[in-house]
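> give me the fold of what follows.
(one chain, ligands or ions: 1)
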Amino acid sequence: MSGIAIVTGGNRGLGLEVSTRLAERGLHVILTARDPAAAAPLVARGLAVEPRALDVTDPASIARLVADVGERTVDVLVSNAAVSLDGFDADVVARTLATNYTGATAIVDALAPRLTRGSRVVLVSSAMGELGGLPKAIRDRFDPPRDRASIRAALDEFLAQVRAGTHAKAGWPSSAYRISKAALNAWTRLAAAELAPRGILVNAACPGWVRTRMGGQGAPRSIDEGGASLLWAATLPPDGPTGGFFRDGARVAW
Ligand SMILES: NC(=O)c1ccc[n+]([C@@H]2O[C@H](COP(=O)([O-])OP(=O)(O)OC[C@H]3O[C@@H](n4cnc5c(N)ncnc54)[C@H](OP(=O)(O)O)[C@@H]3O)[C@@H](O)[C@H]2O)c1
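Numbering: from 1, shown residues only. Next comes the predicted model:
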């Protein structure tokens, strides 16, 4: 494969794995991270890896990356950076949504002008974002997604209710991570429809439960296995699916 790939959160875990694999396949990988020093061993191996600093929660940092990309076309964009914070309160909810939803989607919007026909966008999601286990009143906020404003309104309401201590009564789970990924999945469907006229493939992909710092050492999957699930979505042919949620190349329910 040739072209340019951009990966967020590329300094460790699944982001580093996907960056490595894409570079090994011949792509020029812009490995972004808050501290992109982890790119050095890949560069030393002779892989075409370009380290760039990026904090997905910082609009100025995103703007600097966009400027660094310049006029180049982006063939693969893997929005991978995320947090899974300990505890549950309004601060945890706000910080989780800022990274896993607002940051993860802002980078796609910022780079959308650089995508072209056949480009693949992968929003790294999770089974935790599946709507199945949630009450209908909450599912209905995300499925089907109406527009970006309705997703944002749902997230604002979640945060306000956590702050007020009323979220559980309204049916929201006590998990910021779960809601952040449910919202990311809903956004993926909207972005896929928006970018479809330009022939751009936008999918959510779940790596499964993986032994990373986030997943912990008790997880059943290796980074290699989890990475393969993401790589599938990042290397789809131009006539591949768009607007779906996949694990190991198989569709999973929203
Ligand atoms: N591991 C699992 O079992 C599992 C399961 C389902 C889904 N996922 C998803 O897979 C993706 C990768 O997770 P992982 O398991 O590889 O976790 P990880 O090892 O904890 O890596 C998370 C990555 O996100 C980066 N990050 C966090 N906040 C950031 C920010 N504001 N700006 C830029 N980068 C930021 C981290 O960078 P720093 O080093 O700077 O913190 C790190 O590179 C995530 O989207 C996660 O939700 C993981």
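> tell me how far the closest residue in space to Ala233 that isn't next to it in sequence lies from Ala48.
If the residues on either side of it in the chain are set aside, Ala233 comes closest to Ala205, at 4.0 Å by C-beta to C-beta, 6 or more residues apart in numbering. No exception for glycine: its C-beta is placed from N, CA and C like everyone else's. Computed with C-beta to C-beta, to the nearest Å, the distance linking Ala205 and Ala48 is 23 Å.
> one more: Ala253?
For Ala253 relative to Ala48 (C-beta to C-beta), the value is 37 Å.
> between the two, who's got more neighbours?
Ala48 (16 against 9; other C-beta atoms under 10 Å).
> run a quick neighbour tally on Glu225.
Counted with other C-beta under 10 Å, Glu225 comes out at 16.
> wait, isn't it in contact with Arg211?
No. Counting by C-beta atoms under 8 Å, Glu225 stays clear of Arg211, with 9.4 Å between them.
> between these two, what contacts are shared?
The contact sets of Glu225 and Arg211 do not overlap (C-beta atoms under 8 Å, 6 or more residues apart in numbering).
> can you tell me how far whichever residue of the chain sits closest to the ligand sits from Ile138?
Nearest residue of the chain to the ligand: Gly13, at 2.3 Å (C-beta to the nearest ligand atom). Gly13 sits at a distance of 29 Å from Ile138 (criterion: C-beta to C-beta).
> any low-confidence regions in the stretch 51-200 of the chain?
Low-confidence segments of the stretch 51-200 of the chain (pLDDT under 70): none present.
> show me what from it comes close to the ligand.
54-57, 80-83, 99, 103, 124, 126 (C-beta under 6 Å from any ligand atom).
> could you pull out the strands for this structure?
All strands of the chain, identified by DSSP state E, fall at 4-7, 28-33, 49-53, 74-79, 115-124, 201-206, 245-247, 250-251.
> picking up where we left off before, I'd like to know how many residues surround the spatially closest residue to the residue of the chain closest to the ligand that is not a sequence neighbour.
Distances taken as C-beta to C-beta, 6+ apart put Thr212 closest to Gly13, at 3.6 Å, once the chain neighbours are dropped. By other C-beta under 10 Å, the residues close to Thr212 number 21.
> with the one 3 residues further on instead?
Gly215 sits with 20 neighbouring residues when counted by other C-beta under 10 Å.
> same deal with Arg251?
Neighbours of Arg251 using other C-beta under 10 Å come to 11.
> now do Arg64
Arg64 has 15 neighbouring residues, counting by other C-beta under 10 Å.
> the closest residue to it other than its chain neighbours pairs with what?
Of all residues not flanking Arg64 in the chain, Ala53 sits nearest, at 7.5 Å (C-beta to C-beta, 6+ apart). For Ala53, the beta-bridge partners are Ala33 (DSSP bridges).
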